[in-house]
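**Q** Requesting a structural model of the entry that follows:
(chains A and B)
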Amino acid sequence: MVTTALTAAVTSVATLVVTAVATPFSNRLQSLIEQAPVTPLITVPVSVGALVSICCYPLWRGKVRTSGRWAAAVAAVVLWPLRRIQWPQGLRSWAGRMLVPLAVGYIAACLGAFTGLVGLVVFRVVAPPGACEPPRELRVITALENVTALRERAEAYTKEQRTDGCAPVRIAVGVAPTIEEMRYGFRNEWLRDDALQNDEPYRRMLGLTPDAWIPTGSAEFDLVVQDVSEKGGEKTGNGGVPEKAGSLNSLLRKRNEQVGTDHMSIAVFGAAKNDLLTSELESAGYPLAGIVERARSKDMSLVYPQPAFSTSGAIVATTLSRAEPRSGDTALRATFDNSANALLCHLRGAGQEAADGEGADESRADEDWTDEDWARLVALVPSHSADEYNRGSDMGIEGCAHNPLAGRAALTAVSSVDLPTLDYPFVEIDWSEDPARREALDAFATWLAHNKLFEPAGEGPQPSSPARISADAARPGHRVDLQMMIDGSGSMARSPTASASALHDALAEVRQILTDTDQVSAGKFFADDRGSAKAPMAREGDAGGGQGPRGYGEILQWIADDTQSGFDEPISTLIGGLSRPANSLAVITDGGPFNDEPDHGDAGRSIRRALEAAADVSNLYILTFGGKCPDGLETPRAVRPSVSASPSGEPPGSSEPVAKHVVCDDAAGTDVAGALGRMIFQFREWS
Amino acid sequence: MAGGSLGAFWNRWYERFTRFHLRLAAACFLAGAVFVIAVSQHSGASSSPDACPGRPDDLVIGTGAEIGAGGVRHDVIKEWNDEQRKLKKKPLKATLVEISESSDEQRSELAAAAQSKRCAYDVLLLDVAYITEFARTNYLEKFELDPEKLGGIPERYFLRQSLGTGQVDGERFAVPFAADAPLLYRRTDVPAPPPQDTKRFLELAKEHGYAAQFDDYEGGTVNLLEAILSAQSQKAEDQKAQDGPVVVDDGGDVVLDEDGNGKKVMDALGAWRDALFTVKDGTRTLRDESVLREESSLQAFRTGRVGYMRNWPFAFNRLAADPLMRDDDGTLRFQVLSFPGTGVLGGVDLAIAKDSPHKEEARDLIYYLVSEDVQERLFACAGYPPVVAALYERYERSGTARTCGELASEGADGAARPAERDTEITGGQLARFAREVHQAVDHARPRPMSAYYATFSQVFRSCLLPVATTTSGAAPDFRHFSDALRDALDGRLRSDDPCRPPAQAG
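**A** Below is the predicted model of the structure:
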């Protein structure tokens, strides 16, 4: 009994000691075994041995015995063609002499190889660890509102996978482009659809080439993989690179499991929560019709991201279109924000200004923005976005971080029986047919399915209808008759951010938010050395491309190619001198022309006067890259409650009706496409 | 029975075993062992570069998006293509593939492309921070510089500091394309005088506002390193004696835990922290302008929220072209100075991808891109700091600087030249810019050279950024922190907290 106990104790201690000693090495040993060149180490000696045996066996007949019936049978079959050959006696005798040296050499070589392998393993395991092996790079994309959660999960996964501190994979998380861009990109090596690229020596990618993509819902995946042939009639024709039509089944593989579960929600500020979320509506499961009605009666706006840019926005737009809301309902509006997070970031800016009591900063200088206006905005966003907002995260947007919010400034997100659920499928993209990459992705996807990005929240009614996206609902409604006039001065030609090349690329990018019913023309304005105003124009169809999609591409090419330039011409002169002006006029400048206005001290007034005198122009949007918008011209509004989003654009109670709109956007950054998108969005609101 | 037959078998063999057999066995044993070791060592090597299925016959340059440079890089490539069409019957068309604006995404994309061996790129335009990683992981082809093609020895042709960025473990893998070092931008329309040294600068920064990049990204690491390096150079200046490195020595070893280096780091960051905070109603709060990034810093500076800004040279071209930054007579409303202290060396290098099927053509294109003419054009028209030493000599000499307009009019096609010239960057402005960039590059220090620099940067920043940007940021246990940094340089991340304070260190 005592002996047994002692033996057990000694065995346990010994096991513990051995385990403790071996543990630091075991991971490395495992990694070494995984990385060992197993295939050549087994195949080379075996094939050499087999080859020599097969070749020499007939010569060694009678000298070596085949052990076992099956071996004899194999030898008989393999050597059947050679059975009748009468080998020369000399050769047989030489082969006989070589039998022992060959066998000795082969066995010694195998032993040497085995010893070498063991020695190598021992050396690597015992030797102090050097640098890690380079990790496998994996690139995963998802919508901006999911990026923070995915980055956190990717980091946790990498941490969990570390062996001796070394990560086997490095996962880069990028922002997925829009549905329209993905439809093109997956069929065209993930390159942007830069219209009429022609002989240009550059192509632009849509960001990281994804190894995996996590769509917001299966509906997004379905829309992207839909055959290209169904996409007729849109303003997407491309004269440069032909789209590869056809199925994406061989490239994209949607896995069965979901890596997240969430739902679209109604996110309302604490300050206005009781105004909107009544107990009657709660008991009915917050039906959309009831919420909209209540919002209208309380002068509130329900806002959602731009459907053309954001999948969440497209889901909301589709849901609303199915619910058949009143046409032109000012209580329901898409903003120009390209994601749910961007929308919430705007709301935060507005809320913070009100909370700080410091008024608006220059970029949001809306005099009629009162303390409580921000609380009258209700966002239709995924519920996790509202949680992220309340946590104070930067939500993947530079400069958006803030302190955690609670109470009046925090958002309360409730689900609605009419708003859909969001499943988050994991889609693998097999660009390179690399089995190791695929294996790594499978492992990550499996892990993610068990450690989901988002889990369903318990509060409110649990929606069950899956998200749907209709391509039509994602398209903007109001037609725009747009004339873009680009500053043709020398300084504009040298503009680092808004050069002809940059404008060409940006206009190509925003083409997805234009429809085939929109009318677009472009021109340049400048004064020649004698001070005469010039305004060369290109309209759809003018440049020989015919009406429709090709026309837009031709305009882009004209913008990129036209090298004429001159001196600054005042914007008021331009407005007065247009021969066939469109209803909506966009002026893109570097700010130089403001200094040449007749009333130099009050350029805003000169421009307003010219606009009032121009009978055919109703809307003027000045986009300046550099310089500063003159006093007296308002900046465009980011998000506003319904009361201020009235067609007139004037604050409530304004006694003087204003028939024309004019704003000036100081887009000093490098996001030219974003600025143009905002501009088109604003024109749509005005139209 | 079986034992008997086995014994007989071995006996028969042993009888036939001669000295020759012994030698043969030894030789084969050795050969077997050597074979295994050789196979193991080369199992990770790249496969044949000939296997590039479906690859278009272009010369593909993988690069970041060109922002704020007015498309000059495109023009330069277009001209190369035109030239090749004249010279060759079947020239390869060079095409820039612009990956992303984010440097991290560029790195990830290029590394993934190299791993997948799709031969996606021939030439890589890489941030100098990643050259070591790409060279050591065998993604880059070695590049021997040919003095004949350069028209001089490389050491004279290129800026010394920039040339060093392409060298890894004694071998060259990349050629400098654009130099980079931090500059100090000062608004001249506010009473913010040019600082004489780091100490004075920190006082002025506190007074007039300073846009810095102490946000949690690679720029944050660079700003931290600069704060530490600047304190050292200030101390060396005060004491008239050279002080040793405090973070990483020239051999790449972490020395933070040696000779009171930890205290020096804390003192340095403490001095900068004072400038980054403001006191309002007796409470110290971090200024919004202290934790920006490059682009947001530029916006804070141009709108007059701050009197000073630390930024890279790209900002000069953007600001100089902005009417908001010019007086009515065209005079710039800002001044460029070399960074008051020691900056961290940046830049972009050109390298040939290991799996490129067009290595010779790629080499020719690289020589073209670093030629004096192209470098001058990129500098004068887009603000790319040149890597060619002779250009700095020319621009710094009075009256020999050529503007973008002058370069364009010297070309054959003068018709494309813009008529309006009052906002064009003048020769004098370019000369001053060149002088400051030259000085900044000369005095800048490279980042630690490691294939895992990104991991090092992450660990370094995670512990020291709170010290500089929070009032509660405590000193880490520098011995433990240094070990974590050493591991990070090898690509290892520790499972414990690298920033734990000394009291908890065990």
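
**Q** Would you mind listing the residues in contact with the closest residue to A:F594 other than its chain neighbours?
**A** Nearest residue to A:F594 in three dimensions, chain neighbours excluded: A:A603, at 4.5 Å (Cβ to Cβ, 6 or more residues apart in numbering or on different chains). Heads up, the C-betas are built off the backbone N, CA and C, glycines and all. A:A603 sits next to A:I571, A:F594, A:N595, A:E597, A:P630, A:G632 when contact means Cβ atoms under 8 Å, 6 or more residues apart in numbering or on different chains.

**Q** now do B:D180
**A** B:V128, B:W312, B:P313, B:L345, B:G346, B:G347, B:V348, B:P385, B:V441.

**Q** Mind telling me which residue is nearest the centre of chain B?
**A** B:V128 (2.8 Å; Cα atoms, centre = their mean).

**Q** For the nearest residue to it once chain neighbours are set aside, report the pLDDT, please.
**A** In this structure, B:V128 finds its nearest non-sequential neighbour in B:T165, 4.1 Å apart by Cβ to Cβ, 6+ apart. B:T165 carries a pLDDT value of 96.

**Q** circling back to that earlier point, can you check the pLDDT for the residue nearest to the centre of chain B?
**A** Model confidence at B:V128, given as pLDDT, is 96.

**Q** how far away is it from B:G343?
**A** Noted for B:V128: a distance of 13 Å to B:G343, by Cβ to Cβ, to the nearest Å.

**Q** go on, B:A179?
**A** 12 Å.

**Q** higher neighbour count, these two?
**A** Taking other Cβ atoms under 10 Å in any protein chain shown, B:A179 and B:G343 do not tie; B:A179 has more neighbours (30 against 25).

**Q** Next, the contact list for that one, please.
**A** B:L159, B:Q161, B:S162, B:P313, B:G347, B:P385, B:P386, B:V387, B:V437, B:V441.

**Q** Report the two of the residues you listed separated the most.
**A** B:Q161 and B:P313 (14.0 Å; Cβ to Cβ).

**Q** So for the two, which residue has more residues nearby?
**A** For B:Q161 and B:P313, the more surrounded residue by other Cβ under 10 Å is B:P313, and the numbers stand at 24 against 20.

**Q** three-state assignment of the nearest residue to that one once chain neighbours are set aside?
**A** For B:P313, ignoring the flanking residues on the chain, the nearest one in space by Cβ to Cβ, 6+ apart is B:P385 at 4.8 Å. Using DSSP: H, G, I helix; E, B strand; the rest coil, the structure places B:P385 in coil.

**Q** which residues touch B:P385?
**A** B:A178, B:A179, B:D180, B:A181, B:P313, B:F379, B:V437, B:V441.

**Q** Tell me where the stretch 151-300 of chain B is predicted with low confidence.
**A** B:240-242 (pLDDT under 70).

**Q** That one: strands as residue ranges?
**A** Applying DSSP state E, counting those that start in this stretch to the stretch 151-300 of chain B gives strands spanning B:167-168, B:171-172, B:174-180, B:183-187, B:210-211, B:277-280, B:283-286.

**Q** need the residues of the stretch 201-350 of chain B near chain A, please.
**A** B:215, B:292-293, B:295-296, B:299, B:302-303, B:317-318, B:321-324, B:328 (Cβ under 8 Å from any Cβ of the partner chain).

**Q** hmm, back to that, can you list which of the contacts of B:D180 are found in helices?
**A** If you go by DSSP state H, the contacts of B:D180 have B:V441 in helices.

**Q** Would you point out the most distant pair within the contacts of B:D180?
**A** B:V128 and B:P313 (14.1 Å).

**Q** so how far is chain B from A:G591?
**A** Taking Cβ to the nearest Cβ, to the nearest Å as the measure, A:G591 falls 5 Å from chain B.

**Q** Could you report the neighbour count for that residue?
**A** Neighbours of A:G591 (other Cβ under 10 Å): 25.

**Q** Got the phi and psi for A:A154?
**A** phi -60, psi -40 (degrees, to the nearest 10).

**Q** Let me see the contact set for it.
**A** A:V140, A:I171, A:V173, A:F444 are the contacts of A:A154 under Cβ under 8 Å, 6+ apart.

**Q** just to revisit the earlier point, give me the pLDDT value at the residue nearest to A:F594.
**A** The model reports A:A603 with a pLDDT of 88.

**Q** So B:L319: helix, strand or coil?
**A** Under three-state DSSP, B:L319 falls in the helix class.

**Q** how about the nearest residue to it, chain neighbours excluded?
**A** B:M325 (4.7 Å).
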